[in-house]
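Colleague: using only what follows, build the 3D model:
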Amino acid sequence: MTSHKTTQTMKPATAAKKLGVYLEATPAEFREGVVTRDELNALQADPPEWLRELRRTGPHPRPVVAAKLGVSIGGLTRGGITEPLTTEQIDELKAQSPEWLVRERATQAEVRKEAVRVKEKGR
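Modeller: The predicted structure is shown next:
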């Protein structure tokens with residue numbers, strides 16, 4: 001018996017998530033096709049200009065926005081941020097440091113501190 005290796009593919013939304021980019025901002029040919037595991041690996045290893053630009057300037061998906069602001073995705077929602085943001089918009093938010101952002105960052109710091117405490121206790 002010979003085994004035939006099938007090519008593993010994924011939807012563009014899955015590939016965009018793995019690449020950390022907002023799907024709607026990707027080129028049409030990316031959004032309209034399927035992405036193989038090899039193509040994803042190639043994009044990660046040697047990103048084309050459109051991918052480098054998206055990662056640099058956005059718009060960024062909510063998980064990336066949350067990470068750049070140092071808050072949870074729930075914290076973004078509580079702060080009224082429900083749409084993707086550009087790097088410039090994220091930098092403006094950091095500079096303005098609205099009350100919700102300060103509060104959510106403090107909450108996130110407590111969550112991280114508690115996670116470390118629990119991990120240490122388990123040892």
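
Colleague: now the helices for this protein?
Modeller: 12-19, 28-31, 37-45, 49-57, 62-69, 73-78, 87-96, 99-121 (DSSP state H).

Colleague: closest one to residue 6 among these?
Modeller: helix 37-45 (10.6 Å; C-beta to C-beta). All C-beta atoms are positioned from the backbone trio N, CA, C, and that covers glycine.

Colleague: give me the number of residues near residue 14?
Modeller: 14 (other C-beta atoms under 10 Å).

Colleague: over to residue 35?
Modeller: 21.

Colleague: pretty sure it sits against residue 7.
Modeller: No: applying C-beta atoms under 8 Å, one finds residue 35 not in contact with residue 7, separated by 10.6 Å.

Colleague: picking up where we left off before, mean pLDDT added to the helices of the chain, as JSON lines?
Modeller: Shown next, in JSON lines, are those (pLDDT from 0 to 100):
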{"stretch": "helix 12-19", "mean pLDDT": "94"}
{"stretch": "helix 28-31", "mean pLDDT": "93"}
{"stretch": "helix 37-45", "mean pLDDT": "94"}
{"stretch": "helix 49-57", "mean pLDDT": "95"}
{"stretch": "helix 62-69", "mean pLDDT": "94"}
{"stretch": "helix 73-78", "mean pLDDT": "94"}
{"stretch": "helix 87-96", "mean pLDDT": "96"}
{"stretch": "helix 99-121", "mean pLDDT": "90"}
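
Colleague: residue nearest the centroid of this structure?
Modeller: Closest residue to the average C-alpha location of the chain: residue 64 at 3.3 Å, with C-alpha atoms, centre = their mean.
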